[in-house]
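**Q** Sharing a sequence plus its predicted fold:
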Amino acid sequence: MTTGQEIRVDVVRSGHRLVADPRRVLARPFRLGDDLAPDGRYRERVVIDRVLAMTEDEVHRSLSEVMTRFAHRHRNFESLLDQHFENVRGRLGDHLSQLPASRRRLIGAYFTMEIAVEGAALCNPSMVITSVDESSKTARFVMSVRAIGEGHISSIEFRSGTLDGEGKVFIDDPGEWLTAGKRVSDPLFERISFRRKLLHLGADPESVSRVLEKLGDAFSLQSLDRATRTLYEGTVCNLADRETIRIIHWLGGSNYDVRFAAETRMSERVLYPETAIESRGMEDARFVRFTDDDGSVYYYATYTAYDGHHIMPQLIATDDFLSFRVRTLHGDAAHNKGMALFPRRVNGKYAMIGRIDKQNMFFLQSDEVHLWEQASVLRGPEFLWETVQIGNCGSPIETPDGWLLLTHGVGAMRRYTLGAILLDLDDPRRVIGAIPYPILEPNEQEREGYVPNVVYSCGGAAHAGCLHIPYGMSDGASGVATLRLDQILDELRRNPVRA
């Protein structure tokens, strides 16, 4: 940015500050794994045997204490304890599988733990409009938030609210409980794309062929598990086979469906890591309202799955924010972080903004929403405040002047700020405007946090002539900034980018 650059975009901060609340806890299974006690029993069985040895009075007293201390903190707490009992039911043996409800629930309590999923931070939000009331000029929205809790594990929470016709933002109070929903089914896999992803992840081609030749063009996770066992048959399982088995299980388990009960409020739902690839976090979901050519509407979100060593780009799909379908993205261009889907097809194809090489933004296009093979450089760092790297801050927003794309830039002292560029409406590979200064940067109240000097967004929404940008403040809290859409577009027109 040149010295003395005149800033012509006004920013109004809404005053909302979504902060971590350690009182909002999620009940999750407490697993002891396959560890053995000194007498050779599984540790889980040791705990179960201790409960089985309790008198009826001890069971009643212990369960009453659990209910008094914890039942008010969770929705349908008794059903939850029943579910967690079922997780360890196999350790009981057939002759002990029928137990009174009180003893089952006490066992379930010993294998339940609370996690403060937002105990550390609420940051990096995205916003999508779900409905508009034309008579009142108000819009309802859903905001996703990256919740960071114990062990720095990230999950996806939600908030809801209203945008009025005058640029004001109203966020609903959060619900009383948190729930992770129920995993309801496992998907079918398509053999060709599954093979591509396995090879991209480093699986041995010969080992992959020996497994997939046992399967049809589409197959279930159960069929995949059976086929994988063929690597053990008739020969010694070598290192390449073992690594391929690990990758197959890792990839296969990364696709799932989860559903929440209809009575849960939006802010009570948590997409918590379900699989090995996301065991250390589900990071920076970028939600977008996607309208297909036939008029059907889906809400898609890309996010980064992280297992502590590797990352995997994943795609969430939902039409009601109750049922969520989670799938892996495939293809040579589907890697690294920060992928953001366009809100409709462009020239008959799905389109995406990504950052494949960790410093430039790329334009991706595909016939299939889960397969991304082709990418071209869209824009690299050009201004001083984005010298280190540039990336998107959510999906492009369609305007009469072009696709408005919010960006983030990393400058000196690893300072993150937000910018805006304009892409050609018919050919989004062309950047036609770029504001030469940040439109949002951390102020003195926002620069301190877990990661200082950062503002970051995963996607804004336009309504009634305003651009609303939810943003994270130094990986600690979240707020909302509102800008005039006409001011942004005027600035983009004043700063054209020549081909």
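**A** On my side now, so go ahead.
**Q** mind listing what residue 322 touches?
**A** With contact taken as CB atoms under 8 Å, 6 or more residues apart in numbering, residue 322 is in contact with 259-260, 262. Where you see a C-beta, it was placed from the backbone N, CA and C, and this is true even at glycine.
**Q** so what's the backbone phi/psi at it?
**A** phi -110, psi -50 (degrees, to the nearest 10).
**Q** separation between it and residue 450?
**A** Look at residue 322 and residue 450: by CB to CB, to the nearest Å, they are 31 Å apart.
**Q** what's the answer for residue 240, then?
**A** 41 Å.
**Q** do the same with residue 139
**A** Taking CB to CB, one finds residue 139 at 32 Å from residue 450.
**Q** Can you pick out the residue with more neighbours from those two?
**A** A direct count of neighbours by other CB atoms under 10 Å for residue 139 and residue 450 places residue 139 higher, at 21 against 15.
**Q** So the more buried one sits against residue 160, correct?
**A** No - with contact defined as CB atoms under 8 Å, residue 139 does not reach residue 160; the gap is 11.4 Å.
**Q** Can you verify my assumption that residue 283 contacts residue 146?
**A** Yes - with contact defined as CB under 8 Å, residue 283 reaches residue 146; the gap is 6.3 Å.
**Q** Can you show me the helices along the stretch 351-499 of the chain?
**A** 485-494 (DSSP state H, counting those that start in this stretch).
**Q** Report the beta-bridge partners for residue 185.
**A** Residue 185 has these beta-bridge partners by DSSP bridges: residue 257.
**Q** Would you give the sheet partners of the helix or strand hosting residue 124, along with the direction of each?
**A** Element membership for residue 124 (DSSP states H and E) is strand 121-133. Paired with strand 121-133 in the same sheet, following DSSP bridges, are strand 138-148 (antiparallel).
**Q** Could you pull out the buried residues of the host helix or strand of residue 225?
**A** If you go by DSSP H and E, residue 225 is part of helix 221-228. For helix 221-228, the buried set under the neighbour-count rule, 16 or more other CB atoms under 10 Å, comprises 221, 224, 227-228.
**Q** Can you tell me what sits against that helix?
**A** Outside helix 221-228, the residues touching it (CB under 8 Å, 6+ apart) are 186-187, 189, 211-212, 214-215, 219, 245, 248-249, 252-253, 255.
**Q** Try it again at 6 Å.
**A** Helix 221-228 is touched from outside by 186, 211, 214-215, 245, 248, 252, with contacts defined as CB atoms under 6 Å, 6 or more residues apart in numbering.
**Q** got it, and stretch 70-82?
**A** The contact list for stretch 70-82 (CB under 6 Å, 6+ apart) reads 27, 105, 108-109, 177, 179.
**Q** rerun that using 7 Å as the cut-off
**A** Identification of contacts with stretch 70-82 by CB atoms under 7 Å, 6 or more residues apart in numbering yields 25, 27, 104-105, 108-109, 112, 177, 179.
**Q** Stretch 285-299 now?
**A** With CB under 7 Å, 6+ apart, stretch 285-299 has contacts from 126, 128-129, 144, 156, 300-303, 316-319, 321, 340-341, 343-345, 394-395, 458-459.
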